[in-house]
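A.B. asks: sharing a model that was predicted from the sequence below.
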Amino acid sequence: MAAPFQRAGSSVRRVHTAALLLDGYGRLEGLVTAAVDGLTPDELAWRPAPDANPVGWLVWHLTRVQDDHVATAFGRHQRWHTGWAERFDLPLDRADTGYGHHQDQVAAVRADSALLVAYFTDVHAVTRELLQSLDGDDLDRVVDTRWDPPVTLGVRLVSVLSDSLQHAGQAAYVRGLSGR
């Protein structure tokens, strides 16, 4: 895998892979906070259409996926199972990340903005810690053999980042539609 480069004045310097990933994941903090800031649980659950996902579900889901996928890729325990599942008290299976949810399951995800941000912040802190420990060679390690080709750590981290950024953007869009 070729190393990324960054221009600094007239010189070109190598950017460490971990720093690049940290920058990408770091962008989520402001997006998530801005999407939920000041919204009530009812506003977080508002949908522009019956099949649309509300802001609260989108932020919960992006955080659950990041928690699940990053923890698994690094052989760690999910933060969800350290008390967050109990704090959210959702009528869902404890392993649920929101993937494939139908309308009723989406509607069951209700929380206030402080709880959503606190869970995201906890997951994000662990993700940052793990990313800071990366070496360029780590990215080639296979973390999921259920796919063809098998998924490497690098591919998984970019996939989770892409998914998270898309969901954060959707949350911002839905919030804008709501008039808040």
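C.D. replies: Structure received.
A.B. asks: report all helices and strands that the helix ranked longest in the chain contacts.
C.D. replies: The longest helix of the chain (DSSP state H) is helix 153-178. Under the contact criterion of 3 or more CB pairs under 8 Å, 6 or more residues apart in numbering; DSSP states H and E, helix 153-178 touches helix 17-36, helix 55-73, strand 142-144. Just so you know, the C-beta spots here come from the backbone N, C-alpha and C atoms, and that holds for glycine as well.
A.B. asks: centre of the chain to it, how far?
C.D. replies: How far helix 153-178 lies from its chain's middle: 7 Å, per CA atoms, centre = their mean, to the nearest Å.
A.B. asks: now that helix: buried residues?
C.D. replies: Buried residues in helix 153-178, defined by neighbour count with 16 or more other CB atoms under 10 Å: 153-157, 160-161, 164-165, 167-168, 170-172, 174-175.
A.B. asks: now do that helix against helix 55-73, angle only.
C.D. replies: 170 degrees (axes from the mean of the first three to the mean of the last three CA atoms, to 10 degrees).
A.B. asks: hey, which helix or strand in the protein has the poorest pLDDT?
C.D. replies: The weakest-scoring helix or strand in the chain, judged by mean pLDDT, DSSP states H and E, is strand 11-14 (a mean of 43).
A.B. asks: what residue ranges in this structure score low on pLDDT?
C.D. replies: Counting by pLDDT under 70, the ranges of the chain that qualify are 1-15, 136.
A.B. asks: separation between the closest residue to Thr40 other than its chain neighbours and Arg79?
C.D. replies: With CB to CB, 6 or more residues apart in numbering as the criterion, Thr40 has its nearest non-adjacent residue at 7.5 Å, and that residue is Asp112. Between Asp112 and Arg79 the computed distance is 18 Å (CB to CB, to the nearest Å).
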